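Trainee: Next one to model:
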Amino acid sequence: FAEKGFTVHCTDLSDGMVEQMKKKFSSGKFADKISVQQCSFTELDQIEGKKFDFIFSNFGGLNCIPDLKAVTKFFPQLLNKNGRVCLVILPPVCLWEIVQLLRGKFKFAFRRFKRNGTLANVEGIKFQTYYFSANELMKALGKNFKLLKLESLALFTPIPQMEKIPKKFPRFARVLNKMDEIISGIAPFNRIGDHIIVTAEYTAM
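Mentor: The predicted structure is shown next:
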């Protein structure tokens, strides 16, 4: 975003992440383009005196909270009129995970369907994860947001747990990638996948 000329304000709760961002952006060509604030996404009211044209949350960060409204309730006070949000979340249906039934991994295949979330493990760190549909996310955004675009991410493209497939069958993997490019924005395929990308516009006066 900074390379494209935008001014960016980054937030994260993690001490380590904030430290790394400050090291990366405190000097050099992006020093006047990027600011960093340690802040939970449930405390975005701590961002004072700023309005934005765009809010971006990537690769399932919002899946770490059971109630999306605890985050989205702050968006109206942060956005300019016609400002947009782009939120990348994990939906309940992922074909690659369901296919794991064929390998006898029943728990893994149906983990996204648990109402109270499931325990995820990333590099030895365990945390509760919740899965949301596009409709649930739009409901959390509220009536003043209009859906502009809905896309799937890794519907056919192998997910990280299937990393052996591209290595063993590179041509097949390229075909799967091409299929994603063609149908990722077409209903109902745009509502399922490893992730979905929801872009909406704030329409309130």
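Trainee: and the lengthiest strand in the chain, what does it pack onto?
Mentor: Identified as the longest strand of the chain according to DSSP state E is strand 79-89. For strand 79-89, the packing partners by 3 or more C-beta pairs under 8 Å, 6 or more residues apart in numbering; DSSP states H and E come out as strand 52-57, helix 134-141, strand 145-153, strand 195-202. Quick note: C-beta positions are derived from backbone N, CA and C, even for glycine.
Trainee: In its sheet, which strands sit next to the helix or strand bottoming out on mean pLDDT in the chain, and in what direction?
Mentor: Sorted by mean pLDDT, DSSP states H and E, the helices and strands of the chain end with strand 118-122, the least confident at a mean of 85. For strand 118-122, the pairing partners within the sheet under DSSP bridges are strand 125-129 (antiparallel).
Trainee: Need the pLDDT of the spatially most central residue of the chain.
Mentor: Nearest residue to the geometric centre of the chain (C-alpha atoms, centre = their mean): residue 88, 2.3 Å. Model confidence at residue 88, expressed as pLDDT, equals 98.
Trainee: same deal with the one 5 residues further on?
Mentor: Residue 93 carries a pLDDT value of 97.
Trainee: what mean pLDDT does stretch 5-14 have?
Mentor: Average pLDDT, stretch 5-14: 95.
Trainee: Convert it to CSV, retaining C-alpha atoms only.
Mentor: C-alpha atoms of stretch 5-14 as CSV (Å, rounded to 0.1, in the frame of the first residue of the first chain):
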residue,chain,number,x,y,z
GLY,A,5,1.5,6.0,-2.4
PHE,A,6,-1.0,5.5,0.3
THR,A,7,-0.5,6.5,4.0
VAL,A,8,-0.9,3.4,6.2
HIS,A,9,-1.7,3.0,9.9
CYS,A,10,-0.9,-0.5,11.1
THR,A,11,-2.3,-2.0,14.3
ASP,A,12,-1.5,-5.2,16.1
LEU,A,13,-1.8,-6.5,19.7
SER,A,14,1.4,-8.6,19.6
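Trainee: got the buried residues for it?
Mentor: Within stretch 5-14, the residues scored as buried using 16 or more other C-beta atoms under 10 Å are 8, 10-12.
Trainee: Is it possible to get those residues out as JSON lines so that each row also shows secondary structure and distance to residue 204?
Mentor: Formatted as JSON lines, the entries for those read as follows, by DSSP: H, G, I helix; E, B strand; the rest coil; distance: C-beta to C-beta, whole Å:
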{"residue": "8", "secondary structure": "strand", "distance to residue 204": "24"}
{"residue": "10", "secondary structure": "strand", "distance to residue 204": "25"}
{"residue": "11", "secondary structure": "strand", "distance to residue 204": "23"}
{"residue": "12", "secondary structure": "strand", "distance to residue 204": "28"}
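Trainee: can you pull the contacts of the nearest residue to residue 200 once chain neighbours are set aside?
Mentor: In space, and not counting its chain neighbours, residue 200 is closest to residue 145: 4.4 Å by C-beta to C-beta, 6 or more residues apart in numbering. By C-beta atoms under 8 Å, 6 or more residues apart in numbering, residue 145 lies in contact with 75, 85, 138, 200-203.
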